[in-house]
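Colleague: 3D, please:
(3 chains)
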Amino acid sequence: MSILFKRIAQASLLALGLSAASVQAETAICYNCPTEWADWGTQLRAIKDKTGITIPADNKNSGQSLAQLVAEKANPVADITYLGISFAAQAKKEGVVAAYKPQHWDDIPADLKDPDGYWFTVHSGTMGFMVNVDALDGKPIPRSWADLLKPEYKGLVGYLDPSSAFVGYVAAMAANQAHGGTVENVQPGLDYLAKLQANEPIVPKQTSYARLLSGEIGILLDYDFNAYRAKYKDHANVEFVIPEEGTIAVPYVMSLVANGPNAENGRKALDFVMSDEGQAIWAGAFLRPVRADAMPKDIEAKFLPAADYARVQAIDYGRMAEVQRDFSDRYLKTVR
Amino acid sequence: MTQVASTTHIRMMCMLPAAIFFAACWLLPVAALVALPVAKGWETYFLVLTSSRYLQSLLNTLWLSLATTLVTVILGAAVGIYLARHRFRGRQVLLSLLTAPLAFPGVIIGFFVILIGGRQGGFASLTHSMGLGRITFGYGMLGLFLAYLYFSLPRAIASYTAAAESMDPQLEEAAHVLGATRWQITRDAWWPQLLPTTVACGAIVFATAMGAFGTAFTLSSQFEVLPITIYNEFTNYANFAVAASLSIALGLVTWGVLFLARLLSADANPAQ
Amino acid sequence: MNTPTMKRSPLLLLTTASVCLFMIGPIIVSVMAGLVNNYSRGLSSGLTLRWVWQVWDVYGSTVGASLGLAVACVVCTLVIGVPCAYGLARSRSRAARIFEELLLLPVAIPGLATALALILIYGNFTSLRQSFGFILIGHVIFTLPFMVRTVSAAFQRQDLLAIEEAVRTLGANFTQRFLGVLVPAVLPAIVAGMLMVFTLSIGEFNLTWMLHTPLTRTLPVGLADSYASMRIEVGSAYTLIFLVVIMPALWALQALATLIQKHYGN
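Modeller: Numbering: from 1, shown residues only, chains lettered A, B, ... in the order given. Presented below is the predicted three-dimensional model:
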């Protein structure tokens, strides 16, 4: 009963707290910090506990974030943003991000950061198939890109929209590389996605972790960390598959927004994310933290064996960023 | 100050706050928006006609909106006439339940469709238990159409129930006595009386369907409608010029249809 | 010969029953989904309120925000819309007709575009940009035409013109005419307009989605977030809260409308 009263009290306070937005707590605004992705929920809570800065969660994807940042360029609303690496390169071109070198800057490998500090990697993940085994209704787990084209998986496959979500673009480029394409020649990737349409894939625009867990999407082209989290944290019957023909791994980066309203809080948040504790939270969420020594051995043991990860191919992230716009155009024209 | 002179003056003062607000908060910003595509060249304004993908998207939207309007008007009229003529307990509650979806954001309706027609939805579970596999209709054209129907019907039901209450039953009785068939009564007695409502209601249903974004966004259907295309351009590296151009095109088409509808209803009611 | 058999048409009954099922069925399924432990197992997994509490914890503030915005929107459209409707109803000039046409345009242009336009021009004013006032402006722009057209049609009634003329010749000034005679006469239309504006504002998504910031979220925006990224039970629980809050408000307004209708006649 007392819990009920507590709830009612909380509820009344919340309902009356319309002005909560303007309370004098320390805040910072992050674009693209969804609670259900890369365990940002835990990260945001830790930031609040350790630095006192409240950052509300935000469900935009990389494309939406960039578009909103550009629209608001004259008077930004956000202080920091989290983007796929290719969107970050574009953000630098558009002039919406500022240079900032956080704590442990020197620990970041040179190819994973902008030399002036306009963006830097916080963690990376490997693309593959996130499979809800129960939703397959007894069908075998697909092991290769070619498997996904089989008619038995009709209606079961999903991937995020490559033209607005970075993870969608990565899935497309992974398929591209696996079929012999390169960043210069994206035709194999486009061809593959066009063929996949015959299996009626679901193509959402925003993070669809929950849809995979519920079985609404049976096989999602997503990262290893989301799959491991579903398997080990949420105890769902989920398997991660690194396709036989190969795949790629990509970094996610963060940037300080240029002329953000709470720039100092933004910097503190970025420092936290790069600190031992911040990096440990990523590791605990099965991402590969950019500071490699932050990965504990027991977590590493839960990943797929190294033999599987040997199938991950290298890709030039810089060029990947440069060809993204063209790829999106062609995707929207030819595949959808 | 004579009463006559102040009447004009008063009329102007009445409209002034609205005019100022509208000019500042819509005309000015949209003028800036209309000027955006110029940065990429004058041909950007005609993209909707020159690019096959955008043209297809516009045609998709038109087709879907017209189909929705047609079916909504027919079903809305049927329900409106029925509810106007039958008084039963709970009629008022039923009516308010039927018109409540007017307040629903498109997102809810998209997810209703997924709840019923998605892979884990009620319909798929039913067919699965019947051994037919999981039949999913939520993500295709049918799912989108049903969703559009869902948010359009409440408006039609509300309009037609009000209109049907003022329909003249004697006309119908006379026709029936003279031996007219059901079809003839519908055509000659109901249709003319409901025409003004049909035109007004149809116009607003059409306009809403043309601009609907939340529903299609949630369903991520393969049948692409123009509002989603605009969103795609917007998030595809902030391509504002093209997004603005397509928005203008969509606005012109929708406004054109609304204008036509008002012309038609003005013809029908010259006393206005 | 009996009374018209059209009254007992089975086709009309069947159509009405099907439409009712189509409209109300999903609401019931959604309510159920928000109250069960696990949607894929259905009712057998037991009923619970935990999803409702979870939603309230994370999104509770959006309920107050949306209600407040809707009420503010109604007040704004009343204050600037009703006089404007009067002015348009009594004007014969071209300018007035053009203004009336222009007022309708925000309904035709997609919300995304209007929102982008607002951000480009007024985004520079930080305190405005980051407040609910920015969203309010968008809502009023979108709902104003509905209020104006509804009330304007009512002002144009022939008998009202005669009454106004009569009262004017008796020496009443404008304020007395407006508040004492005109407004009460079109009260049913005003209340209908209020209902429409409230309904439109509560569910507005297209404009709000671009105008909001993570600190100024409304109910539809929060709903979209929760449906997109959280479990279907959470989204359904959120819908349940939405229904519980909206339905009484709508019923109250509708009851008010019916009451006014009875009091003030047609």
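Colleague: poorly predicted segments of the chain, please.
Modeller: Picked chain A for this. Where chain A drops to pLDDT under 70, the residues are A:1-24, A:336.
Colleague: other chain: chain C
Modeller: Using pLDDT under 70, the flagged stretches of chain C are C:1-8, C:264-266.
Colleague: which helix runs longest in chain B?
Modeller: Longest helix of chain B, by residue count under DSSP state H: helix B:52-85.
Colleague: give me the mean pLDDT for it.
Modeller: What helix B:52-85 shows for mean pLDDT is 92.
Colleague: from the chain's centroid, how far away is it?
Modeller: Distance, stretch centre to chain centre, for helix B:52-85: 7 Å (CA atoms, centre = their mean, to the nearest Å).
Colleague: for that helix, buried residues please.
Modeller: B:53-54, B:57-58, B:60-62, B:64-65, B:68-69, B:71-73, B:75-85 (16 or more other CB atoms under 10 Å in any protein chain shown). From N, CA and C alone the C-beta is placed, and that goes for glycine too.
Colleague: same question for stretch A:171-180.
Modeller: Those would be A:171-179, for stretch A:171-180 by 16+ other CB under 10 Å.
Colleague: and it, how far out from the chain middle?
Modeller: 18 Å.
Colleague: and the contacts of it?
Modeller: Applying CB atoms under 8 Å, 6 or more residues apart in numbering or on different chains, the external contacts of stretch A:171-180 come out as A:127, A:145, A:159-160, A:162, A:182-183, A:186, A:188-193, A:221-222, A:243, A:245-248, A:313, A:315, A:320, A:327, A:331.
Colleague: which residues of chain B fall in strands?
Modeller: For chain B, strands defined by DSSP state E do not occur.
Colleague: domain parsing for chain A?
Modeller: Domain segmentation of chain A under automatic domain parsing yields A:27-124+A:250-301, A:125-249+A:305-335.
Colleague: out of the ones you listed, which is closest to C:Leu105?
Modeller: domain A:27-124+A:250-301 (21.2 Å; CB to CB).
Colleague: got the contact list for the most centrally placed residue in chain B?
Modeller: Central residue of chain B (CA atoms, centre = their mean): B:Val205, 2.3 Å from the mean position. Going by CB under 8 Å, 6+ apart, B:Val205 touches B:68-69, B:72-73, B:152, B:155-156.
Colleague: at 7 Å instead, please
Modeller: B:68-69, B:72, B:152, B:155-156 (CB atoms under 7 Å, 6 or more residues apart in numbering or on different chains).
Colleague: buried residues, stretch C:32-45. List them.
Modeller: Those would be C:32-36, C:39-40, for stretch C:32-45 by 16+ other CB under 10 Å.
Colleague: next one: that stretch to chain centre, how far?
Modeller: 31 Å.
Colleague: first vs last residue of it, how far apart are they?
Modeller: 12 Å (CA to CA, to the nearest Å).
Colleague: is it anywhere near chain A?
Modeller: Yes. Where contact is defined by CB under 7 Å from any CB of the partner chain, part of stretch C:32-45 touches chain A, namely C:39-40.
Colleague: mind checking which of the buried residues of stretch C:32-45 are in helices?
Modeller: Using DSSP H, these in helices are C:32-35.
Colleague: and which of those is nearest chain A?
Modeller: Closest approach to chain A among these (CB to the nearest CB): C:Ala33, at 10.6 Å.
Colleague: where's the closest one relative to B:Gly122, distance?
Modeller: 10 Å (CB to CB, to the nearest Å).
Colleague: and chain A, which residues reach chain B?
Modeller: A:63-64, A:66-67, A:70, A:90, A:94, A:155, A:163-164, A:202-205, A:214-216, A:325, A:328, A:332-333, A:336.
Colleague: same for chain C: which of those residues are within range?
Modeller: A:214-215.
Colleague: buried ones among the residues of chain A next to chain B?
Modeller: Buried among the residues of chain A next to chain B (16+ other CB under 10 Å): A:63-64, A:66-67, A:70, A:90, A:155, A:163-164, A:202-205, A:214-216, A:328, A:332, A:336.
Colleague: packing partners for the lengthiest strand in chain A?
Modeller: In chain A, assigned by DSSP E, the strand with the most residues is strand A:120-132. Here strand A:120-132 touches helix A:166-178, helix A:209-214, strand A:219-223, helix A:224-228, strand A:238-241, strand A:247-257, strand A:288-289, going by 3 or more CB pairs under 7 Å, 6 or more residues apart in numbering or on different chains; DSSP states H and E.
Colleague: fine by me, thanks again.
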